[in-house]
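Enquirer: quick check, what structure comes out for this input:
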Amino acid sequence: MPILPLEERAALDPEDFSQAFLLQNRPVIMRRAIAHWPAVQKWSPEYLRTMVEGARVVIQSKSDYGLSGSKRHFEESKEVDFAKVVDMMTLDDAPDISYVRQTRVWKDIAALVDDIQPLRYGPANLARTDGNLWIGPAGTIAQMHWDPGHNLFAQIRGEKKWILVPPSESHMTYGNKFSLSEIVRDSLIRERFPALVENMEKTMASSANLEDLVNSGFNDSERRLLYSWLAQMNNCDVNAEEPDLEKTPLFLAAHRYVGTLSAGDLMFIPFGWRHYVRSMSASISMNWFFVPQQSLPPELNINRTLLEHLVHAA
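Expert: Next comes the predicted model:
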């Protein structure tokens, strides 16, 4: 069971970060890298209630995976007062629908932007207002998945446990599989992309290699739509903290890098690294996604990575 600590740095110059981690596609926890941000000192529940008065926000489930698989394509959500979210964050028994997940709310609560300082890492044009806000109670879980870009993740309040697996071992993480016929039956796909559905129905009878089928049977627009659909549901069907020896034996042999982010820490999760996240306490975080600038190894080809989640079977 190769469990390893995530690499940590107490002080990291932006140029050293770029050379040693960003360009090498290596994750790192930068301890206290954002401890000087006003948000880290100020974003208590009391302060937030005052600052977000009158704002509305969409909340979703505390977990994005269930017994039947990924929740993302049929997930319940609702809009509530932001102050209510702050109250639920502190509850020991918060309801399932209580998590502000990957939300941009700066147009409603622009005053909070002043509490976030410019990032010293990542692209120079990475704006503060490009960030996503995450607020939830203890026990929120992001099932093991991957992001379609690099990820800078700032922990502002509380703690989060992370488990990462390198992209070279993605085949050991049991990514969800979706058949072409399943996608064709998806009501949202049928409603929004009828031309894609028609093309998929014509090509499903083909015995061609799946990669060849997608690359030659679909036009660029159709491929982008398909990949966009898959990218929203790229969970892995594995319990990252307590893997099942019989159900997911390969995962037990995967190299798992484990670490905990505390308030004031910043983490870099490179593109393609599978990761699982659990809030160990009431948590407030922000993150920024950005496209890799350097050339990437073949195993990180975005189209091929998405095709790992697709099967040709009816």
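Enquirer: ok, Ser305 touching Gly272?
Expert: Careful, residue 305 is Thr and not Ser. Yes. The criterion here is C-beta atoms under 8 Å, and Thr305 meets it with Gly272 at 6.4 Å. All C-beta spots, glycine's among them, are computed from the backbone N, C-alpha and C.
Enquirer: can you give me the neighbour number for Met51?
Expert: Close neighbours of Met51, defined as other C-beta atoms under 10 Å, add up to 17.
Enquirer: just use 392 as the starting number from now, easier for me
Expert: From this message on, residue numbering opens at 392, which makes the last subject Met442.
Enquirer: Val504 versus that one, what's the distance?
Expert: 11 Å (C-beta to C-beta, to the nearest Å).
Enquirer: can you check Ser674 too?
Expert: 20 Å.
Enquirer: more crowded one of the two?
Expert: Looking at Ser674 and Val504 with other C-beta under 10 Å, you find the greater number of neighbours at Ser674, namely 25 against 13.
Enquirer: please report phi then psi for the more buried one.
Expert: Torsion angles at Ser674 (phi, psi; degrees, to the nearest 10) stand at phi -140, psi 140.
Enquirer: who is it paired with across the strands?
Expert: As for beta bridges, Ser674 partners with Gly527 under DSSP bridges.
Enquirer: per-residue confidence at it?
Expert: Note on Ser674: pLDDT of 96.
Enquirer: then Ser686?
Expert: Ser686 is assigned 67 on the pLDDT scale.
Enquirer: ok, now the one 5 residues further on?
Expert: Predicted confidence (pLDDT) at Leu691: the value is 65.
Enquirer: repeat that for Asp628.
Expert: We have a pLDDT of 88 for Asp628.
Enquirer: nearest spatial neighbour of it, skipping sequence neighbours?
Expert: Excluding its sequence neighbours, the residue lying closest to Asp628 (C-beta to C-beta, 6 or more residues apart in numbering) is Tyr565, at 4.6 Å.
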